[in-house]
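Participant: Any chance you can model this:
(2 chains)
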2 protein chains.
Amino acid sequence: MSETLTPHEELALMRSAIDNFDAALVHILAERFRTTKKVGSFKAEHDLPPSDPAREREQIARLRRLAERSGLDPDFAEKFLEFIITEVIRHHEQARS
Amino acid sequence: MSETLTPHEELALMRSAIDNFDAALVHILAERFRTTKKVGSFKAEHDLPPSDPAREREQIARLRRLAERSGLDPDFAEKFLEFIITEVIRHHEQARS
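Facilitator: As a prediction, the model looks like this:
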């Protein structure tokens, strides 16, 4: 099978897998931010506090567990969630101003 | 429909959507890093240069286009790709040492 591929072709195949993963990531992130924007306005409407530290702790613990099971570095998963949450906070601040 | 839900229930629904998106993100990231690790050893085996600036420029341009179409901030998509690539470089450095 792969013996018939040149190194260039093999690299191209792996890169097209990476491109597919990236497209999936972008589309899921778009929906995730759409949802957190809804959560932001919902909380404002219902006078709920904008941040919920207990919920955030649960999210981190859960993502670390999922990362371990799927072979992703749990520390990276946690950094990733922080990266996303920073953007969510930026959206909430934009919405308020 | 949603009139029958309490605010607490409605928030819980949105949060479970966010949790599902996060699980999908973690699993796709796990596969993406598995693939970039393969690319790393493949390039080392075939004496290919570890970084490819032209490929990276294409990836950024493509992700920005996908982000625009899916309603994600293209600047965020670019920052996101940089965040991922920083981790990929860390893996390559670990593999070399």
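Participant: List the contacts of residue A:54.
Facilitator: Counting by Cβ atoms under 8 Å, 6 or more residues apart in numbering or on different chains, residue A:54 makes contact with nothing. For the C-beta atoms, the positions are set from N, CA and C on the backbone; glycine is no exception.
Participant: Apologies, that question was intended for residue A:35.
Facilitator: B:14, B:17, B:18, B:21.
Participant: how about a cut-off of 10 Å?
Facilitator: Neighbouring residues of residue A:35 by Cβ atoms under 10 Å, 6 or more residues apart in numbering or on different chains: A:88, B:13, B:14, B:15, B:17, B:18, B:20, B:21.
Participant: Show me what counts as buried in the longest helix anywhere in chain A.
Facilitator: Counting residues, the longest helix found in chain A (DSSP state H) is helix A:7-45. Neighbour-count burial for helix A:7-45 flags A:11, A:15, A:17-18, A:21-22, A:24-33, A:35-36, A:39-40, A:43 (criterion: 16 or more other Cβ atoms under 10 Å in any protein chain shown).
Participant: any idea of the angle the helix or strand of chain A with the lowest mean pLDDT forms with helix B:7-45?
Facilitator: The helix or strand of chain A with the poorest confidence is helix A:74-96; it has a mean of 92 (mean pLDDT, DSSP states H and E). Comparing the axes of helix A:74-96 and helix B:7-45 via axes from the mean of the first three to the mean of the last three Cα atoms, to 10 degrees yields an angle of 130 degrees.
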